[in-house]
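In: I need the structure of the sequence given here:
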Amino acid sequence: MTLQDADTGREVGWIWFLYEDGDAGRQVFLNDFLIFEEDRRKGYAASALHEMERQAKADGCFRSVLYVWEHDVPASALYQKCGYEVLKSGDGGCYMKKDLNMKTLYVSDLDGTLLRSDERTSSFTNQTINALVAQGMLFSYATARSLITAKKVTKGLEAKIPLIIYNGAFVIDNETSEVLLANYFDTSVSDLLDRLFDEKIYPIVYAVIDGKEKFSFVPNLCTTGMTAFLDTRKGDIRTNPVSGLDELRKGRIFYITCIDAPEKLEPLFETYKDRFHCVYQRDIYTGDQWLEIMPASASKANAVTQLKQLLNCDKVIAFGDGRNDIDLFEAADEGYAVSNAHEDLKAIASGIILSNNEDGVAHWLRENCDLDK
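Out: Numbering: from 1, shown residues only. As a prediction, this is how the structure comes out:
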């Protein structure tokens, strides 16, 4: 089968496979595979494997098998990223296999990945995912946002299974809003807040207070970046302005957001990155420097692993754009980075897809998940 660029139709390589019928059923065997040298590391190889697997599954194959030479390290790494595992070794290499009938959970980051730069999912993305969900696809998203703001920016998207919010601090039922899994700070959060206050950093603190989710802040101590962020949350029922620092300690705290100068935040990131789950990055919309601090147990990786078990799935395919999605990719069986992603994420991705503004996730899903026309 000749491989072509989806946009230009230009030939980029070829793939040769055949079907084998046995007692266990039909399987597809990858005989040979080539991507032209100038077109390598552009996602064509992963896309070709998925197309072969899609065709094979439609033709009744239950498994894909291939052979890779021991010295061909790049090919072996590609196959592992695409979900293949060693079947048996011998003759200077090994046979690898992939079950084509596995129950798969698809998880996407929101900002910079599923959302366009206007902080919304497009009608094309909504229509594609809704159609696939209606056909039985298991789709969720993992975001630093709350359920309230996540639902706002994904209006029209029907993700019916639990969602990962607050960077993995909570897994929540999208239909009932019931919290299924929660990660809160222990008493060590008091010392953490003391240190922040000593450094004249006055964060936004997320907590459950008297049974209700709130984000608390001291208005007259907010930085310009904090004020700009809070302006985007006007009317939010979680808003809880307080008069003093002691009030920031109230409730069961699960998330702390600092928006301040890099020279103030970076030393704290270095101090606490091994004790808590810390995300240190610039906001993709405003460019402001953020330091987000969560309990060590709160991460997209842990949450997606728990969600995988909850839904009894065999594998996870993830999509992302930022360095904070690295742990998500490491927990997934396959991870696809949008073309606007951070280079560190691209380096570990199974493949590179179209950008967020080109609806890259939706196009990948449409091409690889057998959307009925």
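
In: can you give me phi and psi for the residue lying closest to Lys250 once chain neighbours are set aside?
Out: Of all residues not flanking Lys250 in the chain, Ile209 sits nearest, at 5.5 Å (CB to CB, 6 or more residues apart in numbering). (Each C-beta comes from the backbone N, C-alpha and C, glycine too.) For Ile209, the backbone dihedrals (degrees, to the nearest 10) come out as phi -120, psi 120.

In: ok, what's across the strand from Ile209?
Out: Lys212 (DSSP bridges).

In: quick one: the helices in the stretch 101-250 of the chain, in order.
Out: For the stretch 101-250 of the chain, the helices defined by DSSP state H, counting those that start in this stretch occupy 123-134, 147-153, 189-198, 224-231.

In: among the ones you listed, which is nearest Gly351?
Out: helix 123-134 (18.2 Å; CB to CB).

In: what comes into contact with the closest one?
Out: Around helix 123-134, the neighbours that count as contacts under CB atoms under 8 Å, 6 or more residues apart in numbering are 114, 137, 139, 154, 156-160, 359, 361-363, 365-366, 369, 371-372.

In: residue boundaries of the strands in the stretch 51-200 of the chain?
Out: When secondary structure is read from DSSP state E, counting those that start in this stretch, the stretch 51-200 of the chain shows strands at 61-69, 85-90, 93-99, 104-109, 138-142, 163-165, 170-172, 179-182.

In: that older thread, can you give me the pLDDT of the residue nearest to Lys250?
Out: Ile209 is assigned a pLDDT of 97 by the prediction.

In: so what's the residue count around it?
Out: When counting by other CB atoms under 10 Å, one arrives at 15 neighbours for Ile209.

In: so what's Gln4 up against?
Out: Taking CB under 8 Å, 6+ apart as the test, what Gln4 contacts is 10-12.

In: TSV please, covering the strands of the stretch 51-200 of the chain and showing mean pLDDT and distance to Ile148.
Out: As requested, the strands of the stretch 51-200 of the chain are exported to TSV (pLDDT from 0 to 100; distance: least, CB to CB, whole Å):
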stretch	mean pLDDT	distance to Ile148
strand 61-69	93	42
strand 85-90	88	40
strand 93-99	91	38
strand 104-109	95	18
strand 138-142	93	14
strand 163-165	94	9
strand 170-172	93	11
strand 179-182	89	13
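
In: can I get those strands in JSON lines including mean neighbour count and distance to Thr121?
Out: JSON lines is the format used below for the strands of the stretch 51-200 of the chain (neighbours: other CB atoms under 10 Å; distance: least, CB to CB, whole Å):
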{"stretch": "strand 61-69", "mean neighbour count": "19", "distance to Thr121": "32"}
{"stretch": "strand 85-90", "mean neighbour count": "11", "distance to Thr121": "34"}
{"stretch": "strand 93-99", "mean neighbour count": "18", "distance to Thr121": "30"}
{"stretch": "strand 104-109", "mean neighbour count": "26", "distance to Thr121": "10"}
{"stretch": "strand 138-142", "mean neighbour count": "24", "distance to Thr121": "10"}
{"stretch": "strand 163-165", "mean neighbour count": "26", "distance to Thr121": "14"}
{"stretch": "strand 170-172", "mean neighbour count": "22", "distance to Thr121": "18"}
{"stretch": "strand 179-182", "mean neighbour count": "16", "distance to Thr121": "23"}
